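Novice: based on what follows, work out the 3D shape:
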Amino acid sequence: MMDAVYSAIKAMGYDDLDIVVAESGWPSLGDPNQPMCTVENAVLYNKNMIKVVTSGEGTPLMPKRRFETYVFALFNENLKPGTAAERNWGLFRPDFSPVYDVGISTESSPSPTTRPSTGSSPSPTTGKTWSEPKADASDKALQASKDYGCSQGAHCKPIQTGGSSFNPNNIRSHASLLIPLIMICFVYI
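Specialist: Predicted structure coming up:
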């Protein structure tokens, strides 16, 4: 498929464009008439996709070329209407528990009860790394993102008043916990 896209854009004179795979994945659960939607098939598909993307081999028409690729999706969408397959593309359930493991470490993802200690640097006690909002991101924009993420089902209880990660009580600290949850639900490989 990548070579077909490349051939088409090359024929139009745009062979120097980067190709990005914006969504690729497999549902882990489907309705009874969707027997191929299984955890086993999702693991097989995603592990092989990650292997191909990270190999650096490229394709026959684009050897040694790497492609920015996003796994669809980070979280299952349990409130999405439609078939079971439509709701079950995620690597994680809405409660942060993994649906299955494809070898993407969750060690760099914050748990709802931990607080980053040193911004985006590794924590001296856990070795984990943390996300931080951009320095030039306004508090208003961060608050709007937080409000949106929480309204869409992100697990925000820990950063609410009295929650385990409420303190320090400021939008930058709260956003550092939420960034992995509201990053459009894709994992960059």
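
Novice: CA only for contacts and neighbour counts going forward, please
Specialist: Noted.

Novice: this protein: strands as residue ranges?
Specialist: Taking DSSP state E, the strands of the chain run over residues 20-24, 68-72, 186-188.

Novice: where is the longest helix in the protein?
Specialist: Ranked by residue count, the top helix of the chain under DSSP state H comes out as helix 39-55.

Novice: relative to strand 68-72, how tilted is it?
Specialist: With axes from the mean of the first three to the mean of the last three C-alpha atoms, to 10 degrees defining the directions, helix 39-55 sits at 170 degrees from strand 68-72.

Novice: return the distance of helix 39-55 from the chain's centre.
Specialist: Distance of helix 39-55 from its chain centroid, counting by C-alpha atoms, centre = their mean, to the nearest Å, is 15 Å.

Novice: which residue is the nearest non-sequential neighbour of Val102?
Specialist: Of all residues not flanking Val102 in the chain, Lys47 sits nearest, at 5.4 Å (C-alpha to C-alpha, 6 or more residues apart in numbering).

Novice: now for the one you found, how many residues are close by?
Specialist: 17 (other C-alpha atoms under 10 Å).

Novice: again, but for Pro60
Specialist: The burial count for Pro60: 10, using other C-alpha under 10 Å.

Novice: also Ala175?
Specialist: Applying other C-alpha under 10 Å, I find that Ala175 has 21 neighbouring residues.

Novice: go on, Asp101?
Specialist: Count around Asp101 with other C-alpha under 10 Å applied: 15.

Novice: same check, this time on Ile171
Specialist: Using other C-alpha under 10 Å, the number of residues around Ile171 comes to 17.

Novice: tell me which of the strands of the chain sits most buried.
Specialist: Mean neighbours per residue, mean count of other C-alpha atoms under 10 Å, is largest over the strands of the chain for strand 68-72, with a mean of 19.

Novice: give me the mean pLDDT for the longest helix of the chain.
Specialist: Confidence for helix 39-55, expressed as mean pLDDT, is 92.

Novice: just the buried residues of that helix, please?
Specialist: Val39, Ala42, Val43, Tyr45, Asn46, Lys47, Met49, Ile50, Val53 (16 or more other C-alpha atoms under 10 Å).

Novice: list the contacts of that helix.
Specialist: For helix 39-55, the surrounding residues in contact (C-alpha atoms under 8 Å, 6 or more residues apart in numbering) are 25-29, 58, 66-67, 69, 71, 99-103, 189.
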